[in-house]
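Trainee: The amino acid sequence is not available; the structure is as follows:
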C-alpha cells in the first residue's frame, strides 16, 4: 500500500489537532511511539495495512482515487462554515435541518479538518448513548475504552479546559432517545465552554417535532439549548432548491473537472446531487 497520501494528511492533521501527540495517537487508535515514527517519516512495518486503512478512514482519504478534491465555496459551504465559526468562537449551539445531499457533511468535515479542537461525529455510526460518548472522547484523544461513566467524566472535563472546542453532530436524526438525553447532560456539563452544532435532514426535524408533540422528557430542554429553531439554507420550494443545487453542482464540476465539455449534461444527469456528481467524477478519474 502507498502510504504517502495518508502520511501527508496525518502531518496536516497534526498541525490542526489541539491536543498532545499522545492524545492524537489515541484518537487514531495507535500508540505514541508509532505516531512518532510516522511523523518522522519512518513507515516501514510501523502499522498493519488494516490500521493504515483505518487511519485513512478517520482522515477522510478516499483510497480509491488519487484525485485531490477541490473545495468550492458554495452558498451551503459558506453559510455552514460561518455558523460553525460562530458556534466555536462563542461556545453556543445551533441546529441545521435541510435537504439531503447539498454538501452539509462535506462542509462540516472540511471545517473539522482545518480547525483545532473540533470533533466531527457521524451519528449514523454512533447511534447509542455509549457509542456517541466514546466517539466524542476518541475524536479529542481522550481515553474512550473504559467504563462509560469515566469516559463521560473525562471528556466533559477535557472540553471545559481546552480552548474553544466544537462538536459537530451530523446525521443527528439517527440518535437514540437515550443519546438525545445524554446530549442535554453534555450541554449542561460544558455550558459556555463548548460549542455544539447539530445537523440533519427532514428526519431530524420530524423526530424532534414528534417528541415535542408527545412531550417526551428532555426534548423541549434540548431544543431550547440548540436555539429553539431549525436553521435552513436552501429555498423551501422544490423548484428553487433544485435550481440552487444545480448551480452548486456546476461550480463543483467546473472546479474538479475543468476539461469536461459536458458540464450541463452532467448536471442534468445528476439532478444537482453532489453525491452523484462525486461518483461520476470519480468514475472518470
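Mentor: Alright, I've got the coordinates. As the structure is a computational prediction, the values presented were derived from the model and not from experiment.
Trainee: wait, what's in contact with residue 21?
Mentor: The contact partners of residue 21, by C-beta atoms under 8 Å, 6 or more residues apart in numbering, come to 14, 32, 35, 36, 39. (Each C-beta comes from the backbone N, C-alpha and C, glycine too.)
Trainee: Kindly provide the distance from it to residue 5.
Mentor: Here residue 21 is placed at a distance of 21 Å from residue 5 (C-beta to C-beta, to the nearest Å).
Trainee: now do residue 134
Mentor: Using C-beta to C-beta, one gets 28 Å for the distance from residue 134 to residue 5.
Trainee: now swap in residue 264 and tell me
Mentor: Using C-beta to C-beta, residue 264 is found at 32 Å from residue 5.
Trainee: between the two, who's got more neighbours?
Mentor: The residue with the greater number of neighbours, taking residue 264 and residue 5 and applying other C-beta atoms under 10 Å, is residue 5; the counts read 15 against 11.
Trainee: helix, strand or coil for that one?
Mentor: In terms of secondary structure, residue 5 is helix; the call rests on DSSP: H, G, I helix; E, B strand; the rest coil.
Trainee: mind checking pLDDT for it?
Mentor: For residue 5, the pLDDT comes out at 90.
Trainee: Could you list the low-pLDDT ranges of the stretch 151-285 of the chain?
Mentor: 284-285 (pLDDT under 70).
Trainee: Repeat the analysis, applying 80 as the threshold.
Mentor: Scanning the stretch 151-285 of the chain for pLDDT under 80 picks out 283-285.
Trainee: can you give me the helices in this protein?
Mentor: When secondary structure is read from DSSP state H, the chain shows helices at 4-16, 21-28, 32-39, 49-58, 75-90, 104-114, 129-139, 148-161, 177-189, 202-213, 219-225, 238-256, 263-270, 274-284.
Trainee: Return the list of helices and strands in contact with the last one.
Mentor: If I follow you right, that is helix 274-284. The contact analysis (3 or more C-beta pairs under 8 Å, 6 or more residues apart in numbering; DSSP states H and E) places helix 274-284 against helix 238-256, helix 263-270.
Trainee: related to what we said a few turns ago, show me which of the contacts of residue 21 are buried.
Mentor: When burial is judged by neighbour count using 16 or more other C-beta atoms under 10 Å, the buried members of these are residue 35.
Trainee: farthest-separated two in the contacts of residue 21?
Mentor: The most widely separated members of these are 14 and 32, with 12.5 Å between them, by C-beta to C-beta.
Trainee: centroid residue for this protein?
Mentor: Computing the C-alpha centroid of the chain and ranking residues by C-alpha atoms, centre = their mean puts residue 120 first, at 3.4 Å.
Trainee: Give me the pLDDT for that one.
Mentor: Among the per-residue scores, residue 120 shows a pLDDT of 97.
Trainee: Residue 137 now?
Mentor: At residue 137, the pLDDT value in this model is 97.
Trainee: Kindly tell me how buried it is, as a neighbour count.
Mentor: Using other C-beta under 10 Å, residue 137 has 26 other residues around it.
Trainee: so it makes contact with residue 154?
Mentor: Yes: using C-beta atoms under 8 Å, residue 137 makes contact with residue 154 at a distance of 6.7 Å.
Trainee: Now do the shared contacts for the two.
Mentor: The overlap between the contact sets of residue 137 and residue 154 (C-beta under 8 Å, 6+ apart) consists of residue 143.
Trainee: Throw the helices of the chain into JSON lines and include distance to residue 232, thanks.
Mentor: Conversion of these to JSON lines gives the following (distance: least, C-beta to C-beta, whole Å):
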{"stretch": "helix 4-16", "distance to residue 232": "29"}
{"stretch": "helix 21-28", "distance to residue 232": "32"}
{"stretch": "helix 32-39", "distance to residue 232": "41"}
{"stretch": "helix 49-58", "distance to residue 232": "30"}
{"stretch": "helix 75-90", "distance to residue 232": "10"}
{"stretch": "helix 104-114", "distance to residue 232": "11"}
{"stretch": "helix 129-139", "distance to residue 232": "25"}
{"stretch": "helix 148-161", "distance to residue 232": "28"}
{"stretch": "helix 177-189", "distance to residue 232": "21"}
{"stretch": "helix 202-213", "distance to residue 232": "10"}
{"stretch": "helix 219-225", "distance to residue 232": "16"}
{"stretch": "helix 238-256", "distance to residue 232": "10"}
{"stretch": "helix 263-270", "distance to residue 232": "22"}
{"stretch": "helix 274-284", "distance to residue 232": "17"}
